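In: Turn this into a structure:
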Amino acid sequence: MAAATLEIGKVAISVRLSFDGALYACRRSPGVMERMEAEALDLLSKGLFVSGIDTPVATVTGAAGHRFIQESAVFQPPDGRLYRGMCGVGASRNGLTLTGIVGYRLEVRAGWARRAGDCGPPGTAAEWGELFGGQLASIGGVVLRRSSVLSLGTPP
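Out: Numbers count the residues shown, from 1 in each chain. Model (predicted):
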C-alpha cells in the first residue's frame, strides 16, 4: 500500500505498510467505481508517517486520523522486523467517506548498503538490533508514499 526506502551510512532501510480487510466506502455523488477505489486508496494512504522503527513499538500515524494499535512485533530473519496490529479508519474527503477496522502489517527491513562491502546478514534479533539499531534510531520518522496502483478493470 505505502512504502519508503532510504540509506543511512552503510545501512539500507525499507519500510512497507499494507492493510488487510474491508472498509465501508460511501460517496455523496455517484462516480465511476475504479475512480472511487483509487480515491479510497489515496485517502487511506494520505500522510502516513512511521517513527520508532528501532523500538519494539513502532508508531504509525496518518493525516486522515487513522488509529493504529500495534498487537505484535517479531524479528524476521535475516533482515527485518514485522509489526502487526489493527487500524481504525474514519476519514472523509471530497464527498468520499471511509469507515471500518482493518489489520495492518508494517515491515522494516535493514541490510548493508553497497558501500558496506561484504558484510553478512545478522542471525538473531539481538544481532540485528546491535548492527542496525543506531542507524534506525537516527531516523526520526519516515513519510510513506502510496505504492499500490489501480488500473481500470482491476478487481477489488
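In: Show me where this structure has its helices.
Out: In the chain, the segments counted as helices under DSSP state H are 33-45, 125-137.
In: How about residues contacting the last one?
Out: I take that to be helix 125-137. For helix 125-137, contacts defined as C-beta atoms under 8 Å, 6 or more residues apart in numbering pick out 8-9, 11, 13, 53-54, 75, 79-81, 108, 110, 122. Every C-beta, even on glycine, is put in place using the N, C-alpha and C of the backbone.
In: For that helix, which residues meet the burial criterion?
Out: Buried residues in helix 125-137, counted by 16 or more other C-beta atoms under 10 Å: W128, G129, L131, F132, Q135, L136.
In: mean confidence score for that helix?
Out: Average pLDDT, helix 125-137: 81.
In: How about stretch 72-83?
Out: Stretch 72-83 comes out at a mean pLDDT of 90.
In: Now the worst-scoring helix or strand of the chain on mean pLDDT - C-alpha only, PDB.
Out: Every helix and strand in the chain was compared by mean pLDDT, DSSP states H and E; the lowest is helix 33-45, with a mean of 78. Output of helix 33-45 as PDB, limited to C-alpha atoms (Å, rounded to 0.1, in the frame of the first residue of the first chain):
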ATOM      1  CA  MET A  33     -16.200   2.500  -9.400                       C
ATOM      2  CA  GLU A  34     -12.500   2.500 -10.400                       C
ATOM      3  CA  ARG A  35     -12.100   6.200  -9.600                       C
ATOM      4  CA  MET A  36     -13.800   5.600  -6.200                       C
ATOM      5  CA  GLU A  37     -11.300   2.800  -5.400                       C
ATOM      6  CA  ALA A  38      -8.400   5.000  -6.400                       C
ATOM      7  CA  GLU A  39      -9.700   7.900  -4.300                       C
ATOM      8  CA  ALA A  40     -10.200   5.500  -1.400                       C
ATOM      9  CA  LEU A  41      -6.600   4.300  -1.600                       C
ATOM     10  CA  ASP A  42      -5.400   7.900  -1.800                       C
ATOM     11  CA  LEU A  43      -7.400   8.800   1.300                       C
ATOM     12  CA  LEU A  44      -6.200   5.700   3.200                       C
ATOM     13  CA  SER A  45      -2.500   6.400   2.300                       C
END
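In: And that helix, what's buried?
Out: Here helix 33-45 shows A38, E39, A40, L41, L43, L44, S45 as buried, counting by 16+ other C-beta under 10 Å.
In: With that, I have no additional questions.
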